[in-house]
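>>> What follows is a predicted structure for the sequence shown.
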Amino acid sequence: MVNSTATLDAAERAVIGAMLVSSQATVDVSAKLAESDFRDPILGALFAGLVELHSEQSNLTEPDWLLLLDRVDAGKPLTLRDLQPLADAVPTAANVGYYARQVADGSVLRRYWAAGHDVVKAVEAGADVETVAQKALNGLQSAQNARVGAGMQAKDYEALMTAQDAPHNWVVPNYLEVGDRFVLTGHEGLGKSMLLRQAAVMTAIGLSFVTGETIPPKRVLVVDVENSERMWRRTTHRMWQTARDRGLSTEDRLWVACHGRIDLTRGDHLASLHRLVDQHQPDLVVIGPLYKLTSKAITSDDDAAPVITALDSLRDRGVTLMLETHMGHGQGSNGDRNVRPRGSAALLGWPEFGYGIAPAKNDPGEGGPGGLVDMIAWRGQRDRRDWPEQWVRGATWPWERWS
């Protein structure tokens, strides 16, 4: 929710700044906003110009500012000096979705305020009750309709098919891309929490948690709402020491917030989480377990919707989400316990990748590797990735890919 004019103005500038440095940012927000959503008409004009320019030059990774200035009618002459401060003020264009949501919310609130002001004027003018009521209903409906339709546009199919896709923006190459949502379930005590801790540590030190190969290190924020700092020291000490022995460090790239149950449906709790993201600017957020991110059980779609919306507000910041949740107690058609997440069916369709770990039936146990688990998909992948079919407890890291 936009809570001040200063916050809204900063969000509007941030949207345009991100669009100036990244064509992908324009793709991310062009269907979410319209020129009229901007309180500042100059910024609105720049938004419209950037969207139009991108439709003509979608192969460019960043827009041509000179071409932009030629086509923007902002009511006054603009120069490159006007654009540069907007671009310089944006810490990362990946957060453009978050800024756009603030702009959209501000636009809705202004429309509601205007509708309410019209009602007050009608009352002061002595209008009868029916007239005032109808004006109120019309004004609120008009404000809502403006928001629903804002920014929607269609693209010519030939232009769609001939456009060049931007390269993958990997967090963990070949497995997790910026904006991906990965949800992991598993049998109690089997090691799903440890697998996510491993993902956090190895991503921060610059190793793929799936293959062990060297990757560009990323910034990681862990929000653990179940375990204590003491538990983290005990359970991840071996990983920490392994990294040190290899001359690798998580310093200034991995932060762990251990907290009791929080409620993401509460504005103050969600705002605190966003402040952590503001402070540390992570590429990857590992959070959970899910049942401790809200004050009540997620048994229906109505229960799940506000939690999913809150989590997606983090994703809109340009981060990748990894989330732990508990599995149900039901059985599948084969008689094995189902690894699907417990609660609302809405959770099944939410992530890009949903997996559960279960004891492997072919685990050789004594005389073999032991500690073998199956990784079972409980939803189809939205984008094909070569996730392991099995993990095995490892000698170097807690889990290693088995197949």
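Looks like it arrived, so ask away. Numbers count the residues shown, from 1 in each chain.

>>> Okay, now the unreliable bits of the stretch 201-350 of the chain?
The model of the stretch 201-350 of the chain has pLDDT under 70 over residues 332-333, 335.

>>> Where do the strands of it begin and end?
Applying DSSP state E, counting those that start in this stretch to the stretch 201-350 of the chain gives strands spanning 220-224, 254-258, 284-288, 320-324.

>>> any chance of the ones you listed in TSV, plus mean neighbour count?
For every residue, glycine as well, the C-beta is placed using N, CA and C. As requested, the strands of the stretch 201-350 of the chain are exported to TSV (neighbours: other C-beta atoms under 10 Å):
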stretch	mean neighbour count
strand 220-224	24
strand 254-258	18
strand 284-288	24
strand 320-324	25
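
>>> If you drop the residues flanking it in sequence, what lies closest to Val132?
Ala122 (5.2 Å; C-beta to C-beta, 6 or more residues apart in numbering).

>>> check contacts around the one you found.
Thr131, Val132, Lys135 (C-beta atoms under 8 Å, 6 or more residues apart in numbering).

>>> Ala377: which of the strands of the stretch 201-350 of the chain is closest?
strand 320-324 (15.6 Å; C-beta to C-beta).

>>> Pull the distance from that closest one to the chain's centre.
Relative to its parent chain, strand 320-324 has a centroid offset of 9 Å by C-alpha atoms, centre = their mean, to the nearest Å.

>>> Show me what it pairs with in its sheet, parallel or antiparallel.
strand 181-186 (parallel), strand 284-288 (parallel) (DSSP bridges).

>>> Now do that strand and strand 220-224, the angle between them.
Angle, strand 320-324 to strand 220-224, by axes from the mean of the first three to the mean of the last three C-alpha atoms, to 10 degrees: 30 degrees.

>>> And for strand 320-324, what's in contact with it?
Identification of contacts with strand 320-324 by C-beta under 8 Å, 6+ apart yields 171, 176-185, 192-193, 196, 199-200, 283-290, 311, 314-315, 351.

>>> CA atoms only for that strand - export them in CSV, please.
Extracted in CSV, the C-alpha atoms of strand 320-324 (Å, rounded to 0.1, in the frame of the first residue of the first chain):
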residue,chain,number,x,y,z
THR,A,320,13.7,-16.2,-6.8
LEU,A,321,11.7,-17.9,-4.1
MET,A,322,12.4,-21.3,-2.5
LEU,A,323,9.8,-22.4,0.0
GLU,A,324,9.3,-25.3,2.3
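
>>> Out of the strands of the stretch 201-350 of the chain, which gets nearest to Glu400?
Nearest to Glu400 among the strands of the stretch 201-350 of the chain is strand 320-324; the distance by C-beta to C-beta comes to 18.1 Å.

>>> quick one on the thing from earlier: just put the strands paired with strand 320-324 in TSV and tack on distance to Leu140.
Supplementary listing: those in TSV, determined by distance: least, C-beta to C-beta, whole Å:
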stretch	distance to Leu140
strand 181-186	33
strand 284-288	36
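
>>> Low-confidence stretches in the stretch 51-200 of the chain?
Scanning the stretch 51-200 of the chain with the threshold set as pLDDT under 70 gives 141-153, 166.

>>> Now do the strands in it.
Using DSSP E, counting those that start in this stretch, strands in the stretch 51-200 of the chain cover 170-172, 176-177, 181-186.

>>> Return the most buried member of these.
strand 181-186 (a mean of 24; mean count of other C-beta atoms under 10 Å).

>>> residues in contact with it?
With contacts defined as C-beta under 8 Å, 6+ apart, strand 181-186 is touched by 176, 192, 195-196, 290, 311, 315, 320-327, 339-341, 347, 350-358, 373, 378.

>>> Distance check, Gln57 against Arg384.
29 Å (C-beta to C-beta, to the nearest Å).

>>> Repeat that for Ala200.
On the measure of C-beta to C-beta, Ala200 and Arg384 end up 24 Å apart.

>>> Neighbour count: the two, which is higher?
A direct count of neighbours by other C-beta atoms under 10 Å for Ala200 and Arg384 places Ala200 higher, at 26 against 7.

>>> I'd assumed Arg219 was in contact with that one.
No - between Ala200 and Arg219 there is no contact under C-beta atoms under 8 Å: 10.7 Å.

>>> Domain map for this protein?
The record's domain split for the chain, according to automatic domain parsing, is 5-159, 170-401.

>>> what about the first one, distance to the chain center?
So that's domain 5-159. Counting by C-alpha atoms, centre = their mean, domain 5-159 comes out at 21 Å from the chain centroid.

>>> same deal with the longest one?
Its chain's C-alpha centre and that of domain 170-401 lie 14 Å apart, by C-alpha atoms, centre = their mean.

>>> Now do Leu67: how many residues are near it, please.
Leu67, neighbours per other C-beta under 10 Å, totals 14.

>>> which one in this protein is furthest away from the centre?
Each residue of the chain has a distance to the centre, and by C-alpha atoms, centre = their mean the biggest one is for Gly126: 49.2 Å.

>>> distance of the residue nearest to Val132 from Gly354?
From Ala122 to Gly354 the distance is 52 Å (C-beta to C-beta).

>>> same question, Asn227
Taking C-beta to C-beta, one finds Asn227 at 22 Å from Gly354.

>>> what about the two, which has more around it?
Gly354 (25 against 17).

>>> does the more buried one sit in a helix or strand, and which one?
strand 353-359 (DSSP states H and E).

>>> what about the helices in the stretch 251-400 of the chain?
All helices of the stretch 251-400 of the chain, identified by DSSP state H, counting those that start in this stretch, fall at 267-280, 301-315, 346-349.

>>> Make JSON lines out of the ones you listed and add mean neighbour count and distance to Asn334.
Formatted as JSON lines, those follow (neighbours: other C-beta atoms under 10 Å; distance: least, C-beta to C-beta, whole Å):
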{"stretch": "helix 267-280", "mean neighbour count": "15", "distance to Asn334": "39"}
{"stretch": "helix 301-315", "mean neighbour count": "18", "distance to Asn334": "27"}
{"stretch": "helix 346-349", "mean neighbour count": "16", "distance to Asn334": "19"}
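
>>> Let me have the ones you listed in TSV, extended by distance to Asp363.
Output for these, formatted as TSV (distance: least, C-beta to C-beta, whole Å):
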stretch	distance to Asp363
helix 267-280	38
helix 301-315	34
helix 346-349	27
